[in-house]
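*Asks:* Just to be clear, the model below is a prediction. Sequence and coordinates:
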Amino acid sequence: MRAPDPVALELTERAAVMDWPTLAAAASTCTACPELAAARQHVVVGDVPVSGRPRLAIIGEAPGATEDETGRPFVGRSGALLDQLLGEAGLDRAETAVLNVVKCRPPGNRTPKSPEVARCSGWLRRQLDLLDPPAVLALGLSSAKWFLGPGTVLGQARGRAHEVDGRRVWVTYHPSAAIRFGPRGAPRAALVEDLATIAAEVGR
Ligand code: SF4
């Protein structure tokens with residue numbers, strides 16, 4: 001078994017006692033992943049409702065190019081589609097928290113490496129503790145694996161709620177998959193169906 005990463009452990013311990021402003025400031029200057037820290041423009045800490053507990057936390061994989069430029073999550077093409085489909089399902093993004101498993105853009109939009117996910121997990125864990133959303137929607141396989149484990153198969157895990165740390169967690173396709181397979185593709189249909197189910201669960 002691989003020994004725990006001391007950098008990940010130290011980050012998790014530090015984050016575990018932070019309030020939101022302290023966490024946001026600390027994450028914004030984090031250099032725990034040297035390759036990502038050297039290449040990024042912004043650490044994308046996440047969007048949260050202006051006031052109150054989010055009805056839903058939406059968790060993606062990592063920032064893309066537009067997110068890296070702006071410092072905000074899901075604002076590129078995937079974000080535009082997500083906003084559209086959330087609206088069609090009757091969910092208001094302003095009432096949700098929008099976060100990522102990894103908060104710095106991996107170069108070339110590659111999949112985040114395991115040590116990067118491990119190191120950034122301390123931030124996300126503390127964000128979820130502080131926000132305490134009753135429901136979580138994991139978008140894409142990396143995010144689904146973060147909640148449900150490395151053997152997760154997206155097509156099998158979607159369509160029902162999973163109980164994780166006292167929260168109801170749904171998983172579904174990332175909007176980028178819906179874009180890649182087109183408006184008539186299976187990922188978009190699944191995403192639409194899953195958002196409708198979640199909207200009914202968390203209340204429109
Ligand atoms: S990805 Fe996360 S852990 Fe890695 S440098 Fe960025 S904020 Fe820090």
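*Replies:* Good, I have the coordinates.
*Asks:* and the residue nearest to P115 when sequence neighbours are not counted, what does it touch?
*Replies:* Distances taken as CB to CB, 6 or more residues apart in numbering put D5 closest to P115, at 6.0 Å, once the chain neighbours are dropped. Just so you know, the C-beta spots here come from the backbone N, C-alpha and C atoms, and that holds for glycine as well. The contact partners of D5, taken as CB atoms under 8 Å, 6 or more residues apart in numbering, are P115, A118, R119.
*Asks:* repeat that with 10 Å
*Replies:* With contact taken as CB atoms under 10 Å, 6 or more residues apart in numbering, D5 is in contact with L11, T12, A32, S114, P115, A118, R119.
*Asks:* Is the last one in a helix, a strand, or coil?
*Replies:* When the structure is split into helix, strand and coil by DSSP: H, G, I helix; E, B strand; the rest coil, R119 lands in helix.
*Asks:* Which pLDDT value goes with it?
*Replies:* Model confidence at R119, given as pLDDT, is 98.
*Asks:* shouldn't it be in contact with A32?
*Replies:* Yes. With contacts counted by CB atoms under 10 Å, R119 reaches A32, the gap being 4.4 Å.
*Asks:* where do the contact lists of these two overlap?
*Replies:* Counting by CB under 10 Å, 6+ apart, the shared contacts of R119 and A32 are D5, V7, A8, E10, L11.
*Asks:* one step back: so which of the contacts of D5 sit within helices?
*Replies:* Members of those lying in helices (criterion: DSSP state H): L11, T12, S114, P115, A118, R119.
*Asks:* Now for the closest residue to the first one other than its chain neighbours, how many residues are close by?
*Replies:* Okay, so that is L11. Sequence neighbours aside, G122 is the residue nearest to L11 in space, at 4.2 Å (criterion: CB to CB, 6+ apart). By the criterion of other CB atoms under 10 Å, G122 has 24 neighbours.
*Asks:* ok, P34 to P115 distance?
*Replies:* Here P34 is placed at a distance of 11 Å from P115 (CB to CB, to the nearest Å).
*Asks:* what's the span of stretch 32-48 from first residue to last?
*Replies:* Across stretch 32-48, the terminal residues are separated by 24 Å (CA to CA, to the nearest Å).
*Asks:* That one: how far from the chain's middle?
*Replies:* Per CA atoms, centre = their mean, to the nearest Å, the displacement of stretch 32-48 from the mean C-alpha position of its chain is 14 Å.
*Asks:* Check the average confidence over it, would you?
*Replies:* 98.
*Asks:* what does the model give G60 for pLDDT?
*Replies:* Listed pLDDT for G60 reads 98.
*Asks:* For burial, what's the neighbour tally of it?
*Replies:* The number of residues packed near G60 is 28, by other CB under 10 Å.
*Asks:* can you give me phi and psi for it?
*Replies:* Main-chain torsions, G60, degrees, to the nearest 10: phi -100, psi -170.
*Asks:* Would you confirm that it contacts L82?
*Replies:* Yes. Between G60 and L82 a contact is recorded at 8.6 Å, counting by CB under 10 Å.
*Asks:* Now the common contact residues for those two.
*Replies:* Listed as contacting both G60 and L82 by CB under 10 Å, 6+ apart are P73, F74, V98, L139, H174, P175, S176.
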